[in-house]
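Participant: return atomic coordinates for the entry below.
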Amino acid sequence: MPRMYIRQTKKIVKGQTYINHLLVESVSTPNGPRQRTVCSLGDLSPRPRSEWLRLAQKIETALAGQDDWLDKTNEETDGIVRAIRQRQDGPSSAAAGTSSVPAGAAPSRGDSDPWLVRIHTDRIEFENAREAGPLHVGWEFFKRLGLPDILSRAGLDPQACLLAAAMTLNRLICPASEHAMPDWFSRTALCDLLGEQAIVSDPFPLYRLLDKLHPKRAQIEAALVERERELFNLDATVFLYDLTSTYFEGQADLNPKAKRGYSRDSRPDAKQVVVGLVVNRDGFPLAHEVFAGNRLDCTTVDEMLDALGKRVPLQPGQTVVVDRGMAGKENIASILKRKLSYIVAARQSERDKHLAAFEDPEGYVEVIREPSPRNPAQKKSRVRVKQVRAGEETHVLCLSDGRRAKDRAIRDKHENRLLADVERLKKSVASGRTVNAAAVHQRLGRIKERYPRVARYYRLEYDETDKRVRCERDEECVQTAQALDGAYLLRTNRHDLSAEEFWRIYLLLTRAENAFRCMKSPLAERPIFHHLEHRVETHIFLCVLAYHLLAAIERTLLDQGVHTSWASVREILRTRQINTILLPSEDGWILKIRQATKPEPAHVELYKQLAISGKIIPPRRTWIMLGGDE
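Facilitator: Next comes the predicted model:
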């Protein structure tokens, strides 16, 4: 609170001198310190000036919510404080028949102790109960990652920073559209933690914030990556790159990137965008980009590496890991021109060239893949790996027991579907419904395109003379495929690691897949309701920010040996609330205390593991007296 003191003023009217004493406070302004009148105290003379200072100090203490426990005769102070508070509350408070004193300050109660009051226990009530547990943890990690300062340095004003925090926390805790967020703000303890500036009643400030954030994304992401690297001592030698798709509700005609393409969400009917994400070996995001929905995976690598270079320094020796869909010559060249190393999964045609090496049992090393602690039902899997030199590259041959059964099941399913389509075409030709040779060849071509995995095992032909469709199985080709069930090939330009080490680095790609799973659920990245391109990209950016918080929370728990997901943490903390208790006294006053509920043992344990305080807010006390018969 600003410092208060008493100033004497004199005014001469018609030769008569009038003395008045003003209670003033010193406040800071852009032009320096200034004095502001709080209230008039009348004529305090002939009191000595030392008593003026004492009175100012007592008023200042009372307005701050504290009582002078040694001075029980403070009726003058209480009267002045009530007058000041009534003026601050305005005429509406008086009209309603209520009066109040500052938070924490007890009313004037004569010579009795202001905190020893008799309470009507049968009239105790609770109000404004708000969920606070997940919000408290999310906000503490938001601050731990330095995001308030990062957003401020990016050029956002204080209110925009708070709104960005509120939107990110919503995405982390209970994802909602911008239209529904204001309602969520009012139903949680967001106001208690972030203040009233973070609360809005309509979605339009949120839409405007999306517009402000869009050009700041790269700067914010780069600063956040650096902060996490220092905070968690993260590895910066391996970059794991993968893509996913996210679909729209609606046509999104105003967004040139909204296209139909290969849908990872099984929504080929909906337009979509493709999201590329690079994570480090610890699963923390490093960079992301949004591509058109019909963009081929193999065409995104060079652009993604450019984006990555703007977020983190690229140095020789760092390794890029991608799956077989991005292992083409052009992408390998893009990686090498930046003096980076690569580990990629080879395509099937490249794998087939190593059939003899795969069948040779010599040189294999058995590796056990332990199940995830979060999934006790998962079984151990066994993989055999061996390393061979192939020109300037090292090839790692991998044989997976679990993958063998999967490859066989996929091949059988596609083969059965192909044969069913061929049989339908045969019947159509035999019945005379399809007689045009060009139409038959076209349908055969579509069948081959639909099932490329198994079409190479069959010779599909149309005999125009006999009007018959022939389908002959290439048994030699099928036997080769069966021999390679469960086999896959890794390629790298590094020669300094063992076959097992190469395999384990490649396996880290699952961290990127896990990031996508988290962003889609529980962070609810999809579906997208925005139609403007820049707002779609900022919506995805907020999901990435929320995932940074999620990754930081789970990493902190993992460092304590706790294998718990954020979804489980969120459910445990939902029972922690902030509410207001109303304690009515016998003389008509009501003490309102706003505070958090007592943490349960599970909450205390989580707070300890996350290294955060269990105190969400300090208790806030307010005395209110109802007028009239109440």
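
Participant: output the contacting helices and strands for the host helix or strand of residue 419.
Facilitator: For residue 419, the host element (DSSP states H and E) is helix 401-431. If you count contacts as 3 or more Cβ pairs under 8 Å, 6 or more residues apart in numbering; DSSP states H and E, helix 401-431 packs onto strand 381-390, helix 437-450, helix 452-455, strand 458-463, strand 468-473. For glycine as for every other residue, the C-beta is placed from the backbone atoms N, C-alpha and C.

Participant: so can I have JSON lines of these showing distance to residue 413?
Facilitator: Listed next are the helices and strands packed on helix 401-431 as JSON lines, based on distance: least, Cβ to Cβ, whole Å:
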{"stretch": "strand 381-390", "distance to residue 413": "22"}
{"stretch": "helix 437-450", "distance to residue 413": "13"}
{"stretch": "helix 452-455", "distance to residue 413": "9"}
{"stretch": "strand 458-463", "distance to residue 413": "15"}
{"stretch": "strand 468-473", "distance to residue 413": "16"}
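
Participant: count residues in the vicinity of residue 122, would you?
Facilitator: Neighbourhood size, residue 122 [other Cβ atoms under 10 Å]: 6.

Participant: Three-state assignment for it, please.
Facilitator: helix (DSSP: H, G, I helix; E, B strand; the rest coil).

Participant: ok, residues contacting stretch 411-421?
Facilitator: 447, 450-451, 453-455, 457-458, 471, 481, 485 (Cβ atoms under 8 Å, 6 or more residues apart in numbering).

Participant: sorry, back to before: buried set for the helix holding residue 419?
Facilitator: Within helix 401-431, the residues that count as buried by 16 or more other Cβ atoms under 10 Å are 403, 407, 411, 414-415, 418-419, 421-422, 425, 428-429.

Participant: quick revisit: lowest mean pLDDT across the helices and strands packed on helix 401-431, which one is that?
Facilitator: The minimum mean pLDDT among the helices and strands packed on helix 401-431 belongs to helix 452-455 (a mean of 86).

Participant: packing partners of that one?
Facilitator: helix 401-431.

Participant: just the helices from the stretch 251-400 of the chain, written as ranges.
Facilitator: Assigned by DSSP state H, counting those that start in this stretch, the stretch 251-400 of the chain shows helices spanning 301-311, 329-337, 348-352, 355-359.

Participant: nearest to residue 555, of the ones you listed?
Facilitator: Each of the helices of the stretch 251-400 of the chain was scored for nearness to residue 555 using Cβ to Cβ, and the closest is helix 301-311 (18.8 Å).

Participant: grab the nearest non-local neighbour of residue 459.
Facilitator: residue 472 (4.6 Å; Cβ to Cβ, 6 or more residues apart in numbering).

Participant: which one of the buried residues of helix 401-431 sits closest to residue 240?
Facilitator: residue 403 (19.7 Å).

Participant: could you measure that closest one against residue 13, distance?
Facilitator: From residue 403 across to residue 13, the span is 100 Å (Cβ to Cβ, to the nearest Å).

Participant: and residue 269, backbone torsions?
Facilitator: phi -80, psi -20 (degrees, to the nearest 10).

Participant: residue 571: which of the helices of the stretch 251-400 of the chain is closest?
Facilitator: Judged by Cβ to Cβ, the one of the helices of the stretch 251-400 of the chain that comes nearest to residue 571 is helix 301-311, at 32.9 Å.

Participant: in three-state terms, label the residue nearest to the spatial centre of the chain for me.
Facilitator: The centre of the chain sits closest to residue 546, judged by Cα atoms, centre = their mean, with a distance of 0.9 Å. With three-state DSSP as the basis, residue 546 sits in helix.

Participant: and it, how far from residue 275?
Facilitator: Distance from residue 546 to residue 275, by Cβ to Cβ: 14 Å.

Participant: residue 535 contacts residue 211, doesn't it?
Facilitator: Yes: between residue 535 and residue 211 there is a contact under Cβ atoms under 8 Å: 7.3 Å.

Participant: the more surrounded of these two?
Facilitator: The neighbour comparison of residue 535 against residue 211 (other Cβ under 10 Å) goes to residue 535, with 20 against 12.

Participant: ramachandran angles for the more buried one?
Facilitator: Taking degrees, to the nearest 10 as the convention, residue 535 sits at phi -80, psi -30.

Participant: and the biggest strand by length in the chain, what's buried?
Facilitator: Longest strand in the chain by number of residues (criterion: DSSP state E): strand 16-29. In terms of neighbour count (16+ other Cβ under 10 Å), strand 16-29 has its buried residues at 21-25.
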